[in-house]
Each structure stands twice: as structure tokens, then as C-alpha cells.
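Novice: No letters, just coordinates:
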């Protein structure tokens, strides 16, 4: 599996779910269940890679504005949520998190819990195929929650008024 195939699966399963994140968990599970184990492992690796690429202070500030103050775990889930939105939104948010003001979904803090489940689908499918956990078989596997180092860029204040100044379109729509 390559990056193109990864995004094809994300985009197609999102479309099947009609943008509903709970339904996206189910459609992704069904799609990955039809793949062989090596492809599921590669999908997981590419998911972690995409999630980690979003590890920036700017996106963290945008996530604070969207979901309320995000700690480390919530920010991991916020990054997974962005990945789940599909290749186009992902690339736009990677370049400029303010682009999330243009998404065609309502944002709910509960989305973070569902995004965590969505990101866990490859491990769940792997366990279903093999009866083993990814972490057992691949102990050197990079965890989604552990990007290397500090987020990219300069840390922003998590004060709502400061975030609103930095992300005026996001604040107008979601603030």
C-alpha cells in the first residue's frame, strides 16, 4: 500500500459514511477487514505518519479553538480527526489550519472520542485477523500518540481571545 491507496481508502470510506464520523469508523473497519494483514499494517503506518505530520503548534491552537482546550491526548485525537476528513482537507489543514473553517461538518467535542476509535480501526482489524495486538508483533511500531520532539512552530496562547485573533475565520464559525 502506498500513500495514494491510503488516501483513496480514507476518502472512499468517508464518502460511504456521508461524512458521519461514527459511520466512518464502521466503513473503514469493513474496508480494512477485506485487506491482507500486511496492507492493514501499512495502512496503520501511513495513518500514524499523516497524524504526526500535523504535529504543529498552529494546528494545536486551531484544535483548542475547535474543541476547547486540548491536552496531549485530545490533540492526538484532533489530528486523527483531521486525517479522517480526507486527503483534500488534510492537505489544506497541513498548509494552514485556518482552512478548517471551510469544512462541511459540525464540530462536537465528542468527535475526539470517535476520532480515537477511527484511528484505532487498523489495530482492531489486525487483531481480528491475527488474534494478536500490533504492539506485540511490532514492538518498534511508532505509536500515534508519540510524535518525535516538540510540535513544529511557535506555541500559541490557548486564551480564546488570542486564538480568535490568530484564527478569525475559525473563531467566527466555531467560536
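Specialist: Nice, I can see it. None of these values were measured; they are calculated from a predicted model.
Novice: When you work out contacts or count neighbours from here on, use the C-alpha atoms and nothing else.
Specialist: OK.
Novice: Tell me who's in contact with the nearest residue to residue 175 once chain neighbours are set aside.
Specialist: In space, and not counting its chain neighbours, residue 175 is closest to residue 65: 6.6 Å by Cα to Cα, 6 or more residues apart in numbering. Applying Cα atoms under 8 Å, 6 or more residues apart in numbering, we find residue 65 in contact with 160, 163-164, 170-171, 174-175.
Novice: Helix or strand: which one has residue 65?
Specialist: Using DSSP states H and E, residue 65 sits in helix 57-67.
Novice: Now do that helix: distance to the chain's middle.
Specialist: 13 Å (Cα atoms, centre = their mean, to the nearest Å).
Novice: Kindly provide the distance from the residue nearest in space to the middle of the chain to residue 166.
Specialist: Taking Cα atoms, centre = their mean as the criterion, residue 80 is the residue nearest the geometric centre of the chain, at 1.3 Å. Applying Cα to Cα, to the nearest Å, the value for residue 80 to residue 166 is 22 Å.
Novice: Help me confirm that the residue nearest to the centre of the chain comes into contact with residue 116.
Specialist: Yes. The pair residue 80 and residue 116 qualifies as a contact (Cα atoms under 8 Å) at a distance of 6.9 Å.
Novice: now for the helix ranked longest in the chain, which elements pack on it?
Specialist: Ranked by number of residues, the top helix in the chain under DSSP state H is helix 37-53. Applying 3 or more Cα pairs under 8 Å, 6 or more residues apart in numbering; DSSP states H and E, we find helix 37-53 packed against helix 3-16, helix 72-84, helix 121-130.
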